[in-house]
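>>> Got a predicted structure here, sequence first:
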Protein chains: 2
Amino acid sequence: MTPVFPGAFPHALSGAANLPALRGHNAALVLDLLRAAGERGASRAELAEGTGLTPQAVSKITARLRAAGLVTEAGRRPSTGGKPRTVWRLVRDARYAVGLHLDRDELTAVLADLPGTPVAVHRAPFDLGAPPERALGEAVEAVRALLAPAASGGVPRAGVLGVGVACPGPLEHRTGVLRRVTGFPGWDGFPLRDALAERLAMSVALDKDTNAAALGLALRGADGSDGRRGGAGAGAASFAYLHLGTGLGAGLVLGGTLYRGARTGAGEFGHQVVRLDGPACHCGDRGCLEALCLAAAARGDTAEAARVLGVGAANLAGLLDIDRVVLGGRAVLADPEPYRAGVEAVLAARAARTDGRAVPVSVAPGGARLVADGAAHLVLAPLFGRLEPVR
Amino acid sequence: MTPVFPGAFPHALSGAANLPALRGHNAALVLDLLRAAGERGASRAELAEGTGLTPQAVSKITARLRAAGLVTEAGRRPSTGGKPRTVWRLVRDARYAVGLHLDRDELTAVLADLPGTPVAVHRAPFDLGAPPERALGEAVEAVRALLAPAASGGVPRAGVLGVGVACPGPLEHRTGVLRRVTGFPGWDGFPLRDALAERLAMSVALDKDTNAAALGLALRGADGSDGRRGGAGAGAASFAYLHLGTGLGAGLVLGGTLYRGARTGAGEFGHQVVRLDGPACHCGDRGCLEALCLAAAARGDTAEAARVLGVGAANLAGLLDIDRVVLGGRAVLADPEPYRAGVEAVLAARAARTDGRAVPVSVAPGGARLVADGAAHLVLAPLFGRLEPVR
DNA sequence: CCACTTTGGCAACAGTGTTGCTAAAGTGCA
DNA sequence: TGCACTTTAGCAACACTGTTGCCAAAGTGG
């Protein structure tokens, strides 16, 4: 839709690779380092150090990226005895992406700049239970309102790469088609991505709300560390985002990238059975984590809700050897600390038993806008080689 | 240790990539296709189709691989109206790898050829509880016996790439150090990989038994389909290998590659809690899957053991959206069908509830040698771009 | 003022996959 | 049997990659 730069969007090269793909791959590496560097920027030498490329290669790549308008020189570092290093930074307003969060009763649209920082927000009531065509119209209107000069402050339409849409699952991110959205079966089979793309004349990416949130955390830094990948093969950060709202779901980031499974089915966290033959769940099974957790929360027993959630988190942490657990969702955000502490206690007890490292638990920053912010990253992340682009 | 070919061992290019890495990456792609093609082989045109490279690039790559002795021309396909296609095949005896399975009471060493087929096997009693130095000596002796001309039929020592070692966890594959192997704490901190490498003067890779088994299944085809990756970004096969023996563990293959987590801790499957506040487990927790499953099996209630195992498998399948579950381990292999059917029934019930696809369940082929065969793939897989090489 | 250090660009280079063309090796019909 | 046609595969030139060697620019410190 909008040109980015030649050879853009190469995910970690897994298929056949030719020279354009190689170029795009290395360019994405440099961009990702600059994104992580933020306001501080990075010099050529630092980029060379961080990527493993030679300084000369970095020079060529930064020159190309500058020609594309994506990066710019921004001052110099103090000299350390020789010519001072030139600092490079991402050009914040070089490109934009829209993040659209369609929730059960509310719609949030954000306009994010190249590093992913929101520069405009639009909120509106929304009814996911309305007929799809009507809901679609409201989503389209929300994006148009967001991009109107009055709201976005004159962002050139051509600079907007596309729209990332996040909504409750199940759905298929590859095809952009919704499945039986829990509680709203009317959406089953609706090609939301293509319908939005046609109405907006923009490229659109669709994913689950939990996945969008996890992706946003991976790139903006759930732990403040800006989610940089580790060195070559050192194994990048892995974490699980657990979302406790109307239901209970998870978004998984494994080895620095969002793990969605082949059918976008990964992250079905709430319907793991933790009490065999326990109380019935609305899903038809018995003893689901979600049922136990929500029931405890409903009767005001936050400690028990947190403990049960912690057991599920421990099951997950053991299976996937993750580095961190991040909590979010309305129920958690309403009273975060008991949940955080309760989950962390269960994980710490497990670590003590197994002689292992305790998995730290934190509460997701960003509050109610977390998912919308993350949805914008569905469009931005491929630029930085952080997400397999959907074609 | 043994030269393979210039630029060998490039995993899916995730770090900075230069031309040698690019060459190695594409060469690995071609080798992987030829491995999957097996006896049938593949023509240049088929390789070009499968990799996405141009026919001319494939010509250059096959020429290089032939010079390295890894591939050879093997006949022609019938003409379809023009010049008949030349078929290429892997040279089976171009390279070898040793797979060593150190189990609690037995040791298995296999010599595998380039495609991973065992050509020699050596079995011996083994005591994992013996002092590490003595056990190490026995392992060294086993490898030497396997490679002796009498056993291996004159395989040139120079053609052996290295030794893949699989043993019960926990351990760290990156450093090659054992942790408190369940039941045998004497190993804690023992640098098995480096010790073996020094004694044998060969390169050694270490991993958990369940991971080795899963890797072997991924490459040899748990489903007979030879484990080929899907097309570009199509999402390769994901499955879980569940091993029910003395304990209960899992090996995970996600998107075509072995997932081990940063600390080789992934696959802790048996100590997920499925009965909150249930019976005590030896690990110190309550209601662990392993405790319930083993208890049911011990009292002869295979149906219940299978049902409980199925619940754990369903929890896992939901969380990771996998394509298949493979069962193995002594307890399962002793009487496979009830386990297979029982687990599959639970997964089918779950699929029916969620309107999803039922996850098929199969029993691992290869029997008692599964882990040893897989261990050889710890050495072979990097050649085919299927495993991040440990450095 | 000058020696020294460090940055970063220019030009030549080795090596990648790609493109355009041609030769080789079959099939199938007149 | 001859000939048109199809398909495979190699050669040579090419565009482009990151790398190397060299040198100018721009600082520091005595």
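Done, it's in.
>>> only C-alpha atoms for contact and neighbour calcs from this point on.
OK.
>>> in chain A, which residue is closest to the centre?
Chain A has A:L215 as the residue nearest its centroid, 1.8 Å off, counting by Cα atoms, centre = their mean.
>>> was I right about that residue contacting A:G256?
No - look at A:L215 against A:G256 with Cα atoms under 8 Å: they stay out of range, at 9.2 Å.
>>> quick one on the thing from earlier: what pLDDT does the residue nearest to the centre of chain A get?
pLDDT for A:L215: 96.
>>> so how far is the first residue of stretch A:201-218 from its last?
Distance between the two ends of stretch A:201-218: 29 Å, counting by Cα to Cα, to the nearest Å.
>>> wait, does it contact chain B?
No - residues of stretch A:201-218 are not located near chain B by Cα under 8 Å from any Cα of the partner chain, the shortest gap being 12.6 Å.
>>> Next, the buried residues of that stretch.
A:202-218 (16 or more other Cα atoms under 10 Å in any protein chain shown).
>>> With stretch A:241-257 instead?
Neighbour-count burial for stretch A:241-257 flags A:241-244, A:247-257 (criterion: 16+ other Cα under 10 Å).
>>> Filter these down to just the ones in strands.
Here DSSP state E is the test, and the buried residues of stretch A:241-257 give A:Y241, A:L242, A:H243, A:L244, A:L248, A:G249, A:A250, A:G251, A:L252, A:V253, A:L254, A:T257 as lying in strands.
>>> now, which of the residues you listed sits nearest DNA strand C?
Nearest to DNA strand C among these: A:T257, at 26.0 Å, using Cα to the nearest atom of the strand.
>>> doesn't A:A166 fall inside a helix?
No - counting by DSSP: H, G, I helix; E, B strand; the rest coil, A:A166 is not part of a helix but strand.
>>> my guess is it meets A:D209, correct?
Yes - look at A:A166 against A:D209 with Cα under 8 Å: they come within range, at 4.6 Å.
>>> shared neighbours of the two, which are they?
A:H101, A:V371, A:A375 (Cα atoms under 8 Å, 6 or more residues apart in numbering or on different chains).
>>> these two touch, right, the second one and A:A213?
Right, the one you point to is A:V371. Yes - if you go by Cα under 8 Å, A:V371 and A:A213 touch, sitting 4.6 Å apart.
>>> Do a quick rundown of the helices in chain A.
A:19-37, A:44-51, A:55-67, A:132-147, A:149-152, A:192-200, A:209-220, A:289-298, A:302-320, A:330-334, A:336-354, A:370-380 (DSSP state H).
>>> Give me the mean pLDDT for the fifth one.
Predicted confidence along helix A:149-152 averages 75 (mean pLDDT).
>>> Which elements pack onto it?
strand A:118-125 (3 or more Cα pairs under 8 Å, 6 or more residues apart in numbering or on different chains; DSSP states H and E).
>>> Tell me, how many residues neighbour the nearest residue to A:A109 once chain neighbours are set aside?
Spatial nearest neighbour of A:A109, excluding adjacent residues (Cα to Cα, 6 or more residues apart in numbering or on different chains): A:L100 at 4.4 Å. Here the count is done by other Cα atoms under 10 Å in any protein chain shown, and A:L100 has 31 residues near it.
>>> likewise A:L219?
A:L219, neighbours per other Cα under 10 Å, totals 27.
>>> Just the pLDDT for it.
Residue-level pLDDT assigned to A:L219 equals 90.
>>> Kindly report the same for A:L100.
For A:L100, pLDDT reads 98.
>>> residues touching it, list them.
Each residue near A:L100 by Cα under 8 Å, 6+ apart is listed here: A:L107, A:T108, A:A109, A:V110, A:V143, A:V163, A:G164, A:V165, A:A166, A:A372, A:A375, A:A376.
>>> One more pass at 6 Å, please.
Counting by Cα atoms under 6 Å, 6 or more residues apart in numbering or on different chains, A:L100 touches A:T108, A:A109, A:V165, A:A372.
>>> Determine which two of those are furthest apart.
Between any two of those, the greatest separation by Cα to Cα is 10.1 Å, found for A:T108 and A:V165.
>>> For A:A97, see how far away A:G52 is.
Distance of A:G52 to A:A97, given as Cα to Cα: 29 Å.
>>> Which one's more surrounded, these two?
Here A:G52 and A:A97 are compared on neighbour count by other Cα under 10 Å; more neighbours surround A:A97, at 27 against 19.
>>> contacts for stretch A:72-92?
A:G41, A:A42, A:S43, A:R66, A:L70, A:V71, A:D113, A:L114.
>>> Now do that stretch: distance to the chain's middle.
30 Å (Cα atoms, centre = their mean, to the nearest Å).
>>> Pull out the buried positions in it.
A:T72, A:E73, A:A74, A:R85, A:T86, A:V87, A:W88, A:R89, A:L90, A:V91, A:R92.
>>> Also stretch A:337-346?
For stretch A:337-346, by 16+ other Cα under 10 Å, it's A:P338, A:Y339, A:R340, A:A341, A:G342, A:V343, A:E344, A:A345, A:V346.
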